[in-house]
Structures are given as structure tokens and as C-alpha cells.
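Asks: what would the 3D arrangement of this be:
(chains A and B)
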Amino acid sequence: MAAPPQKLRWGELEEEDDGGDLDFLLPPPVVLGPDENGVKKTIQYRFDEEGNKVKVTTTTRVRKLARARLSKRALERRSWAKFGDAVHEDVGSRLTMVSTEEILLERPRAPGSKAEETNIAGDVLAAAGKAGAVLMVCRTCGKKGDHWTSKCPYKDLAPQTDGFIDKSLGPETAASASGTSKGTYVPPGMRGGGDRSGVEMKRRDENSVRVTNLSEDTREPDLLELFRAFGPVSRVYVAVDQKTGVSRGFGFVNFIHREDAERAINKLNGYGYDNLILRVEWATPRPN
DNA sequence: TATGAGCGC
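Replies: Below you'll find the model as predicted:
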């Protein structure tokens, strides 16, 4: 296999020699450096028009700027020994490389807990699960043994815990509810007697606003920033391609109050955001 | 391009 031709930059091209065939009489060119300042010296010889031997010294600075920009720490890192896949790399290459090594991450545990304790707890859970459905406790309505949280008929009425709830709504705790057993979470709809009949329930999804034509790098916090000005927001969602992680360019914002959603639609539809014109309209509720 | 994701049985 022939080596690929080395691509020369114009600055590296040899000077055109007009000395003709007598070049072999001249000493070979000498290249000195580059030194630590990136200064390279080239000493060449040629014949001038009158046939005199002339020494030509060229001084060039090579990569001076790039070197100057390296911090002390970066320079220090260059002297580190290679490890992992890079051990087998060419010793002279100082380039960063992409590794295919498997990196095992530790599973986060509760602070202070030991791995063994976790396993024991797991066994206990497994045993209890076999014995009955005591552990099937819906986190939304607190009902035991009937359904999982995802199947809860009231799941869309549950308060959000994803951090996007407007803090001005104030914290609601089980302690503020009446008739609760100690330490048990009581969802808002079940408070005050637990009789659901006649309680006006509005699906969270109802004040859902669809936002399209988002720029690719718009994320949920950005949407929240934009929409929270109109009133308390219960949920923000940006559709993301599961494979690539890039935004699909649309999302949803749910408002607690329908009027706020309406104002947001009126104000923000057609609004320029990140060089794009937003489309903001009512969302058709998700199937399910 | 264009109407959403998800845990424990």
C-alpha cells in the first residue's frame, strides 16, 4: 500500500530553485526546531543569478498561539500516563480519544444505607409481595390492593411533583386534611371527608396548550419561563425523540386556570421565539 | 416533521 500523498500547505512548499542542475553541489537544508516557543528555523542554500552560493535562513513561528492558549493545568495533563484503551495508542499522539470501554456506574442508594441492607429489604418486599397485595398501594389515592398508581382513576387529578408547579400555590400537606390517619398521604380530592361525590373534578389535561414550531434546543424550563407569566402552570412537556434525545419541536403546557391558558394562547401564538414563530393553541386531549 | 412518558404487580 502506498502512503497517501502528504498534503502540503503553500507555506511549506519548497522555494522554486532557479539554480538548475547544480543543486547537488549545495549542502542539504537544515531544519531547527520548533523550540518551546514554536519557532522553527530553516537553513537552505541556493545559487543566485551570478552563480554565487547563498545561504538563506528562514524563521517561522509554528502554532505559537495554540500553545500560548494552553493553561498550566492543560500542559500538566499532557504529561499524564495513558490509561485504558489509550495505553495502546501511539505514544506520541496526545489527542483525546473516544473509548469503548464499559463504565459501570454505582447505583445511587439512600444516604447511609448499606448494600446488604438494601438486599434484605428487597427480600422482605418480595416475600410480602408473595403473601398478598398489601404492598400494592396507589401513590395517588392511597388505596391498597386495588390498582397501581398508573391505573388510578384519579391520576390526572393528582398534584404534580416534578418541580414545575408554581410555588405560589402553597404547599399542601396531609396534615392540612381532616380525618387522616397519621403519615398517610391524602390527595386533594379526598380531603375534607373523603366523599368524592359532587366534588367538581377537572382533568388536568383540560387546560392543555400545545406549542409547536419550537426550536430544537428549547427545553421544558424554557417553556415554563415563557408561559408562567400567564398564571400557575401545572405541567410542561417537550416531546423528545427517544432515540436521539433531540427535541421534536413541540410541547405542551398545562395551566391550572383555563383563562390563563386562553390568554397565553392569544398572546404567544405567532410570537417570535428563538428565530421561530411559535404556534400556540389548545391541545386535543391525549387518548387514554 | 409536528398531539406527550412512566415506576412498582
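
Asks: which parts of chain A are helices?
Replies: Per DSSP state H, chain A carries helices over the ranges A:64-69, A:72-77, A:115-131, A:220-227, A:258-268.

Asks: name the residues of stretch A:234-248 that are buried.
Replies: For stretch A:234-248, burial by neighbour count (16 or more other Cβ atoms under 10 Å) applies to A:234, A:235, A:236, A:237, A:238, A:247. From N, CA and C alone the C-beta is placed, and that goes for glycine too.

Asks: in the stretch 101-250 of chain A, what residue lies closest to DNA strand B?
Replies: Across the stretch 101-250 of chain A, no residue is closer to DNA strand B than residue A:249, which sits at 2.3 Å (Cβ to the nearest atom of the strand).

Asks: per-residue pLDDT, the closest residue to that residue other than its chain neighbours?
Replies: Taking Cβ to Cβ, 6 or more residues apart in numbering, and ignoring the residues beside it in sequence, residue A:249 has residue A:214 as its nearest neighbour in space, at 5.1 Å. Each residue has a pLDDT score; the one for residue A:214 is 96.

Asks: just residue A:40 next, same as before
Replies: Looking at residue A:40, the pLDDT reads 79.

Asks: and what of residue A:284?
Replies: Confidence per residue is given as pLDDT, and for residue A:284 that number is 90.

Asks: one more: residue A:55?
Replies: pLDDT, the model's per-residue confidence, is 85 for residue A:55.

Asks: please tell me I have it right and it contacts residue A:42.
Replies: No: using Cβ atoms under 8 Å, residue A:55 and residue A:42 do not qualify as a contacting pair, with a distance of 11.1 Å.

Asks: ok, those two, which is more surrounded?
Replies: Counted by other Cβ atoms under 10 Å, residue A:55 and residue A:42 do not tie: residue A:42 has more neighbours, with 16 against 10.

Asks: my read is that that one contacts residue A:33, right?
Replies: No: between residue A:42 and residue A:33 no contact is recorded; they are 9.1 Å apart, counting by Cβ under 8 Å.

Asks: what sits against the residue of the stretch 101-250 of chain A closest to DNA strand B?
Replies: A:212, A:213, A:214, A:215, A:216, A:239 (Cβ atoms under 8 Å, 6 or more residues apart in numbering).

Asks: repeat that for residue A:240.
Replies: Taking Cβ under 8 Å, 6+ apart as the contact definition, residue A:240 lies against A:246, A:247, A:248.

Asks: do that again at 10 Å, thanks
Replies: By Cβ atoms under 10 Å, 6 or more residues apart in numbering, the residues touching residue A:240 are A:219, A:220, A:246, A:247, A:248, A:249, A:251.

Asks: quickly list what residue A:41 is bridged to.
Replies: Applying DSSP bridges to residue A:41 gives these bridge partners: residue A:32, residue A:59.

Asks: sorry, slip of the keys, the one I care about is residue A:273.
Replies: Partner residues in beta bridges with residue A:273: residue A:276, with DSSP bridges as the criterion.

Asks: number of nearby residues for it?
Replies: Each residue near residue A:273 was counted by other Cβ under 10 Å, and the total is 17.

Asks: pLDDT wise, what is it at?
Replies: pLDDT recorded at residue A:273 is 90.

Asks: what does the one 3 residues further on give?
Replies: If you check residue A:276, the pLDDT there is 93.

Asks: buried residues in stretch A:269-279?
Replies: In terms of neighbour count (16+ other Cβ under 10 Å), stretch A:269-279 has its buried residues at A:273, A:278, A:279.

Asks: I'd say the last one and residue A:272 touch.
Replies: It stands for residue A:279. No: at 11.9 Å, residue A:279 does not count as touching residue A:272 under the criterion of Cβ atoms under 10 Å.

Asks: could you tell me the least trusted of the helices of chain A?
Replies: Mean pLDDT is lowest for helix A:115-131 out of the helices of chain A, coming in at a mean of 39.

Asks: near DNA strand B, which residues of the stretch 151-288 of chain A show up?
Replies: A:151, A:155, A:205, A:208, A:210, A:212-214, A:216, A:237, A:239, A:241-242, A:248-250, A:252, A:254, A:281, A:283-286, A:288 (Cβ under 7 Å from any atom of the strand).

Asks: right, and residue A:43 touches residue A:54 too?
Replies: No: with contact defined as Cβ under 10 Å, residue A:43 does not count as touching residue A:54 (11.3 Å).
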